[in-house]
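fold the stuff below for me.
(one chain, ligands or ions: 2)
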Amino acid sequence: MIDTSTDFRTQALRAKIPRVDAVLYTHPHADHINGIDELRSFNFFQKDPIPVYGNDWTCEELRKKFEYIFTPPKVIEGGGIPMLTLCQFDASCQFIEVMGQKIIPISLRHGSKECVGYRFGSVAYVTDCSFIPDESLERLRGVSLLILDCLRITPHNTHFNLEQALEAVEKIRAEKTFLTHLGHDFDYGTWETKLPKGVHLAYDGLTLKR
Ligand SMILES: [Zn+2]
Ligand SMILES: [Zn+2]
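Ligands and ions are numbered 1, 2, ... in the order given. Sure thing, here's the model as predicted:
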């Protein structure tokens, strides 16, 4: 799972997700982490703690914002808390190993902060970014499917707007790109037909098959 958004519970029910083996956090903004408590339901079925991965910023904020999860009291009263193992990594590392799979972290600039994208083989997930450093573009070389941040049409100081997203599309040259984190500027029917070949708007519930 990448991130636990505010809608995580609804999304997990809609997609009938049977289990969560690990969570890769991109960064600790509320829209990406605030569903974290819902992981508790998966603990009920799976019994074991779920590893959650993040860079220094993410792990610091998670410890602070969810102290009851990461620094729990010795004796827990009531129904229990999510059982999560925090795995902190530096996004400049070559890869992180999750369930025997090598996943490549992609360091992104999100305003003045570092957000982390992830590459799984030929697929990359790159959201919440206003700039992709050259070393990170290098890590994205050869991806065939790219999921890319694109907040709106007009410029924004922490996200790609359409023009910047399409510039990144040109540099990365994936076979297919889906724009995500879209604001209400993007009327689907209007914009889907205006985008360059191979570039599409993502939508809630989109499923991609190999
Ligand atoms: Zn953000
Ligand atoms: Zn966001």
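
so this protein: which segments form each domain?
Domain assignment of the chain by automatic domain parsing yields the ranges 1-88, 91-210.

quote the end-to-end distance of the longest one.
Looking back up the chat, that one is domain 91-210. For domain 91-210, the first-to-last residue distance is 27 Å (CA to CA, to the nearest Å).

centre of the chain to that domain, how far?
Between the centre of domain 91-210 and the centre of its chain there are 10 Å (CA atoms, centre = their mean, to the nearest Å).

up against ligand 1, what does this structure have?
Contacts of the chain with ligand 1, taken as CB under 5 Å from the ion, map to 29, 128. The C-beta positions use only the backbone N, C-alpha and C, and glycine is treated the same way.

nearest spatial neighbour of the residue in the chain positioned nearest to ligand 1, skipping sequence neighbours?
Scanning the chain for the residue nearest ligand 1 gives residue 29, at 3.5 Å (criterion: CB to the ion). Beyond its immediate neighbours in the sequence, the residue positioned closest to residue 29 (CB to CB, 6 or more residues apart in numbering) is residue 128, lying 7.0 Å away.

spit out the contact partners of the one you found.
Counting by CB atoms under 8 Å, 6 or more residues apart in numbering, residue 128 touches 26, 27, 29, 32, 108, 110, 115, 149, 158, 159, 181.

follow-up on the earlier one: JSON lines please, covering the domains of the chain and showing mean pLDDT.
As requested, the domains of the chain are exported to JSON lines (pLDDT from 0 to 100):
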{"stretch": "domain 1-88", "mean pLDDT": "95"}
{"stretch": "domain 91-210", "mean pLDDT": "97"}
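
what residue of the protein is the furthest out?
residue 75 (33.1 Å; CA atoms, centre = their mean).

gap between it and ligand 2?
Look at residue 75 and ligand 2: by CB to the ion, to the nearest Å, they are 36 Å apart.

span of stretch 141-156 from start to end?
Span of stretch 141-156 from end to end, CA to CA: 26 Å.

check stretch 24-40 too.
Start-to-end span of stretch 24-40 (CA to CA) is 16 Å.

again with stretch 132-144
Stretch 132-144 stretches 18 Å from its first residue to its last (CA to CA).

give me the contact list for it.
92, 104, 106-109, 117, 119, 122-124, 126, 146, 168, 171-172, 174-176.

how about 10 Å then?
For stretch 132-144, the surrounding residues in contact (CB atoms under 10 Å, 6 or more residues apart in numbering) are 91-92, 94-95, 104-109, 114, 116-117, 119-126, 129, 146, 148-149, 160, 164, 167-168, 171-177, 210.

buried among these? Need that as a selection in ChimeraX.
In ChimeraX, a selection of the buried entries from the contacts of stretch 132-144 looks like this (16 or more other CB atoms under 10 Å):
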select :91,104,105,106,107,108,109,114,116,117,119,120,123,124,125,126,129,146,148,149,160,164,168,172,174,177
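
mark which of the contacts of stretch 132-144 are part of helices, please.
Counting by DSSP state H, the part of the contacts of stretch 132-144 found in helices is 164, 167, 168, 171, 172.

hang on, the earlier thing: show the contacting residues for the residue of the chain closest to ligand 1.
Counting by CB under 10 Å, 6+ apart, residue 29 touches 3, 5, 58, 61, 110, 113, 115, 128, 158.

fine by me, we can end here.
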